[in-house]
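Trainee: When you get a sec, could you give me coordinates for this:
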Amino acid sequence: MANNGTLQLHEAISAVCPIDGVSVRRFDDKDTWRIDFGTGATDQQKSAAAAVVAAFDVATAVPALSFLARDFFAELTVADFTALKAAIAANDALALLWASLQAQGEAPISTAALRFQSGWAGLRQALGEARADEIATALGFGS
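Mentor: Have a look, this model is predicted:
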């Protein structure tokens, strides 16, 4: 099921170009966005669609989500923890996120925060895309 940001992107692009659909893997990385152009889409329409993507403001289309650190820790397995311990030693952004998670208490962690985004990239690398996606989905923000 598409989220509100994907629907907004789909509507904006389809207003300038015939499309079969759009796919957004990660909202924070437009290189992971894909447009499936409809039959008969002209080069001019495809250029207009690319301009829509370039101008699309994720911050207004996709609300910042948050989660509690305790919920994150509840999702970790022993294998996750083992992989993260090794990765934290080699990745300062991940180490800083880890320290923040431990100190956060009951305050929500915003997925829009630069510290989270930088650290999450390291976590994705340490645990692998599939496992990071599972955790993100369980926490309610997708990945």
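
Trainee: Report how many residues lie close to Ala99.
Mentor: Close neighbours of Ala99, defined as other C-beta atoms under 10 Å, add up to 13. C-betas here are computed from N, CA, C, even on glycine.

Trainee: in what helix or strand does it lie?
Mentor: Secondary structure assigned from DSSP states H and E places Ala99 in helix 92-103.

Trainee: so what does that helix touch, helix or strand wise?
Mentor: Under the contact definition 3 or more C-beta pairs under 8 Å, 6 or more residues apart in numbering; DSSP states H and E, helix 92-103 sits against helix 69-75, helix 78-90, helix 114-127.

Trainee: Next, the buried residues of the second one.
Mentor: Put plainly, it is helix 78-90. When neighbours are counted by 16 or more other C-beta atoms under 10 Å, the buried residues of helix 78-90 are found to be 80, 83-84, 87-88.

Trainee: still on that earlier bit, pull the CA atoms of the helix holding Ala99 into CSV?
Mentor: These are the backbone C-alpha positions of helix 92-103, laid out as CSV (Å, rounded to 0.1, in the frame of the first residue of the first chain):
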residue,chain,number,x,y,z
ASP,A,92,30.8,7.2,14.1
ALA,A,93,27.3,8.2,12.8
LEU,A,94,25.9,4.8,13.9
ALA,A,95,27.7,5.1,17.2
LEU,A,96,26.1,8.5,17.9
LEU,A,97,22.7,7.2,17.0
TRP,A,98,23.2,4.2,19.3
ALA,A,99,24.2,6.5,22.1
SER,A,100,21.2,8.7,21.5
LEU,A,101,18.9,5.7,21.5
GLN,A,102,20.2,4.5,24.8
ALA,A,103,19.9,8.0,26.4
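
Trainee: out of the buried residues of helix 78-90, which one sits closest to Glu11?
Mentor: The closest of those to Glu11 turns out to be Asp80 (C-beta to C-beta; 37.5 Å).

Trainee: The protein - how does it break down into domains?
Mentor: 4-61, 66-139 (automatic domain parsing).

Trainee: related to what we said a few turns ago, can you pick out the most distant pair from the buried residues of helix 78-90?
Mentor: Looking at the buried residues of helix 78-90 by C-beta to C-beta, the two members farthest from one another are Asp80 and Ile88, with 12.0 Å of separation.
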